[in-house]
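**Q** Predicted model, plus sequence, below.
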Amino acid sequence: MRTFTIKLGKRKLRFSDRMIKEDDEKRWWIVPLILGVYLLPFVLDEYSIYLMHLIAVAIIGAVALDILCGFCGQLSLGHAAFIGIGAYSYGILHMTLHVGCILSLVLAGLMGAFLSLLVGIPSLRLKGLYLAIMTMGFVFIVDESIRYFKEWTNGVEGFRVSRVIDLGFAELNSGEVEFYYFIYTLVILVVVASRFLLNSKLGRAFTSIRDSDTAAEVSGINLLFYKVLAFAISSFIASIAGGLMAIIIGTISPEDFNIWLSINYLIMLVIGGMGAVYGAVIGASFIVFLPELISGLRDSFFPPGTELAVLQYLIYGLIILVFIVFEPHGIYGRWLVIKSYFKKFPFNEKRIGRMAWILRWR
Amino acid sequence: MIVDGIINGTALGCIYALVALGFVLVYKATKVINFAQGEIMMVCSYICYAGITTFHLNFVISFIIAIVFGFVLGSLLERLFMRPLIGYSVLSVVIATIGIAMVLQAIVGLIWTFEPQKLDPFQVSPYQIWAVSISPVHLWTIIITFTLTLFFFLFFRYTLIGINLRAIAEDLIGSMATGIAVRKMFNFTWGLAGAVGAVAGVLLAPIVFLHPHMGAVGLRALPAAVLGSFGSIPGAIVGGLVLGISETIAGLYLPKEIKDVFPWLVLFLVLLVRPEGIFYTYEQKKV
């Protein structure tokens, strides 16, 4: 526990960092939040439930990317590749080879984790934007290999995946309320698990690699092991998200997993707030919801006949720009600033400065 | 066939090199990859197209207008969106450039629609040089690229602005302390990158059709910049040429799917062997 002292004129104020510690956050709001998520289908119509499915997949994917980029600091544009690998592995395992649903979902995740070695091992030598560009190349390579192995993946025509998932005791149809409960249970699992991950020894190792990998290596962290592990965990979760996405959208084709999907996931992280699990959740919900908002706006603000695609591009781009220029730390970052303002209320830095300046004349 | 492949590949490589040059100029000064470079290119070639078809100008004049427009656009984007972000994490800035790219695409789509347009100002019949025939577009691409390379070589070597830019790339804080107007220089760099993008766009337009999504070629030029170790101008040129020629020759023997990802495969292999790219000077790292 560190203590700070601040001199205000002749008086000294002492306070400890426990007063402003993150770990003491109040968790009472989690229970109503989870209850709210589970009660939401009662007030939503069918289309909104479908949208909530997409948001769930986006949350799982964004949290996966957050483990890699936000916790471990490995900038990756290859997320779409792993989501695509997951989707196609699930499709081939379940539809062609008739493996059970849950087993093929897990196997798809393992497949993604295994293929992530291809990117994970070079990440030992590549830093920052170089790694981003190489993982971007991985997306193109996976995209073209999906087109190339036509007899397995059906190429550009698209691969049909059954929209029913068989849990053994129940068959859930995607788009319906039961599937909603299934997928949000997964979301909560993933979020909770990654919160634990962040605060465990593993997470500490990841964050120290993010802050400086040379310093981490010097203090005894095995860089190869932890970096490859970060890639493996991230792409395991991402591939499971891909399998769920295949179940939800029904037909998958290589265009669904192009570089824009990766960029979209990065945008979710940056808008939500990087390195925080809740930030990823907020960003994912916001970005998936945005096109709906835009098509709603079109009817009320723009002349009829404006092309929706153009408008979506324009507003989407503008919102991203405005968000980043005014709030580069994301929504969650701003929330933390507001929260800490109220938490240490009389002792904000600005206020202390001002008081010291006033007390100087006494 | 091999000779034709080499010539076509050189022309393609020159375009890669020009786009990569835009990336490198910005990266060298500001340490940011500008994902909107392809879109700046696209906008400028549309400006050239508008000059020819809407205002009935000479091709050369509209080309010059496009270059000036590229300069203004680049420096404007820097002033509006990049300057508030100085000091924030690289990722935020990169995402901001992606946002710029989307907005530019949408604006062009609103003005000129998403229909592909044709911009082909060069004459069609190929030149014959000895036994080799070379199309005018390719010839001009190669000539302009090499002129520009020479220009940049002289510019960075002998002019005051060029020397300032090199100082900034070397040591940002130190050059601030010596009184170089760093912000103005950043602005100028973005303008320069925009102008190079305009040249690349107008030269690219006859090869692929004019289309709001034309800027995707910019992503294919990224391996060229990485091959030449981002931040080195001769590196970008060499990287572009290597990729262009190897891709075209690979296209003669390998299936189309492999040809499309060939730059990335080359990049993969080169980065595994030499992660810093080909033209790298070592730096010290502080922990």
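**A** Right, received. Where do you want to start? Numbering: from 1, shown residues only, chains lettered A, B, ... in the order given.

**Q** need the residues of the stretch 101-250 of chain B near chain A, please.
**A** B:101-103, B:105-107, B:109-110, B:114, B:219, B:222-223, B:226, B:230 (CB under 8 Å from any CB of the partner chain). In short, each C-beta sits where N, CA and C put it, glycine included.

**Q** if you set the cut-off to 10 Å instead, what comes out?
**A** B:101-110, B:113-114, B:212, B:216, B:219-220, B:222-223, B:225-226, B:229-230 (CB under 10 Å from any CB of the partner chain).

**Q** where does chain A dip in pLDDT?
**A** A:1-26, A:301-307, A:344-362 (pLDDT under 70).

**Q** quick one: is the longest helix belonging to it near chain B?
**A** With secondary structure taken from DSSP state H, chain A has its longest helix at helix A:223-249. No. Helix A:223-249 does not reach chain B (CB under 10 Å from any CB); its nearest approach is 13.4 Å.

**Q** Now that helix: buried residues?
**A** Along helix A:223-249, these residues count as buried under the neighbour rule (16 or more other CB atoms under 10 Å in any protein chain shown): A:226-249.

**Q** Show me the helices in chain B, by range?
**A** B:2-30, B:37-53, B:59-77, B:90-112, B:136-158, B:160-170, B:172-177, B:182-204, B:216-227, B:233-253, B:256-260, B:262-273.

**Q** that older thread, write a PyMOL command that selects only the buried members of the residues of the stretch 101-250 of chain B next to chain A.
**A** Listed next is the PyMOL selection for buried residues among those, using 16+ other CB under 10 Å:
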select buried, chain B and resi 101+102+103+104+105+106+107+108+109+110+212+219+220+222+223+225+226+229+230
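
**Q** How much space separates A:Tyr38 from chain B?
**A** 33 Å (CB to the nearest CB, to the nearest Å).

**Q** which ones are touching that residue?
**A** Neighbour list for A:Tyr38: A:180-181, A:184-185, A:188 [criterion: CB atoms under 10 Å, 6 or more residues apart in numbering or on different chains].

**Q** which of those residues are buried?
**A** With neighbours counted by 16+ other CB under 10 Å, those contain buried members at A:180, A:184, A:188.

**Q** May I have the phi/psi pair for the residue of the stretch 251-362 of chain A at minimum distance from chain B?
**A** Closest approach between the stretch 251-362 of chain A and chain B, counting by CB to the nearest CB: A:Gly317, at 3.1 Å. Dihedral pair for A:Gly317: phi -60, psi -40, per degrees, to the nearest 10.

**Q** Which residue, other than its chain neighbours, is closest to it?
**A** B:Met102 (3.1 Å; CB to CB, 6 or more residues apart in numbering or on different chains).

**Q** can you tell me which residues contact that neighbour?
**A** Taking CB under 10 Å, 6+ apart, one finds A:260, A:263, A:267, A:312-321, B:35-36, B:39 in contact with B:Met102.

**Q** 6 Å instead, please
**A** Neighbouring residues of B:Met102 by CB atoms under 6 Å, 6 or more residues apart in numbering or on different chains: A:313, A:316-317.

**Q** and those, which are buried?
**A** A:313, A:316-317.

**Q** Name the residues of chain A found near chain B, please.
**A** For chain A, the contact set with chain B under CB under 6 Å from any CB of the partner chain comprises A:122, A:125-126, A:129, A:133-134, A:137, A:140-141, A:144, A:147-148, A:212, A:214-215, A:263, A:267, A:270, A:310, A:313-314, A:316-318, A:320-321, A:324-325, A:328.

**Q** Could I have the buried ones of the residues you listed as PyMOL selection syntax?
**A** PyMOL command restricting those to the buried ones, with burial defined by 16+ other CB under 10 Å:
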select buried, chain A and resi 122+126+129+133+134+137+140+141+144+147+148+263+267+270+310+313+314+316+317+320+321+324+325+328
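
**Q** Okay, and whichever residue of the stretch 1-150 of chain A sits closest to chain B sits in which element?
**A** In the stretch 1-150 of chain A, the residue found nearest to chain B is A:Gly137; the distance is 3.4 Å by CB to the nearest CB. Using DSSP states H and E, the element containing A:Gly137 is helix A:128-148.

**Q** could you pull out the helices for the stretch 151-300 of chain A?
**A** A:177-199, A:201-211, A:213-218, A:223-249, A:259-272, A:277-301 (DSSP state H, counting those that start in this stretch).

**Q** and the angle from the first one to helix A:277-301?
**A** By that I understand helix A:177-199. Here the directions of helix A:177-199 and helix A:277-301 differ by 130 degrees (axes from the mean of the first three to the mean of the last three CA atoms, to 10 degrees).

**Q** Distance from the chain centre to helix A:177-199, please.
**A** Relative to its chain's centre, helix A:177-199 lies at 12 Å (CA atoms, centre = their mean, to the nearest Å).

**Q** Kindly report the same for the third one.
**A** What separates the centre of helix A:213-218 from the centre of its chain is 26 Å, taken as CA atoms, centre = their mean.

**Q** now stretch B:76-88
**A** Relative to the chain's own centre, stretch B:76-88 is displaced by 20 Å; criterion: CA atoms, centre = their mean.

**Q** B:Arg274 and B:His138: what is the separation?
**A** B:Arg274 sits 30 Å away from B:His138, going by CB to CB, to the nearest Å.

**Q** So the two - more neighbours on which side?
**A** Each of B:Arg274 and B:His138 has its neighbours counted (other CB atoms under 10 Å in any protein chain shown); B:His138 has more, 23 against 13.

**Q** wait, which of the contacts of A:Tyr38 is closest to A:Leu93?
**A** A:Thr185 (22.1 Å; CB to CB).

**Q** mind checking which helix or strand the residue positioned nearest the centre of chain A is in?
**A** Taking CA atoms, centre = their mean as the criterion, A:Ala62 is the residue nearest the geometric centre of chain A, at 1.5 Å. Using DSSP H and E, A:Ala62 maps to helix A:46-65.

**Q** ok so, going back, A:Ser104: which of the contacts of B:Met102 is nearest?
**A** Closest to A:Ser104, out of all of the contacts of B:Met102 and judged by CB to CB, is A:Tyr316, at 34.0 Å.

**Q** that's a helix at that closest one, yeah?
**A** Yes. Under DSSP: H, G, I helix; E, B strand; the rest coil, A:Tyr316 sits within a helix.

**Q** can you tell me which residues contact it?
**A** Counted by CB under 6 Å, 6+ apart, A:Tyr316 has contacts B:Met102.

**Q** Now A:Ile102: closest residue in space that isn't a chain neighbour?
**A** A:Leu167 (6.7 Å).

**Q** How many residues are close by that neighbour?
**A** Residues lying near A:Leu167 (other CB under 10 Å) number 12.

**Q** and it, what are its phi and psi?
**A** Main-chain torsions, A:Leu167, degrees, to the nearest 10: phi -90, psi 0.

**Q** ok, it to chain B distance?
**A** Taken as CB to the nearest CB, the span from A:Leu167 to chain B is 38 Å.

**Q** Can you tell me how far that residue is from A:Tyr181?
**A** 11 Å.

**Q** what mean pLDDT would you report for stretch B:38-54?
**A** Averaged across stretch B:38-54, pLDDT comes to 91.

**Q** So it, near chain A or not?
**A** No. Applying CB under 6 Å from any CB, one finds stretch B:38-54 separated from chain A by no less than 10.1 Å.
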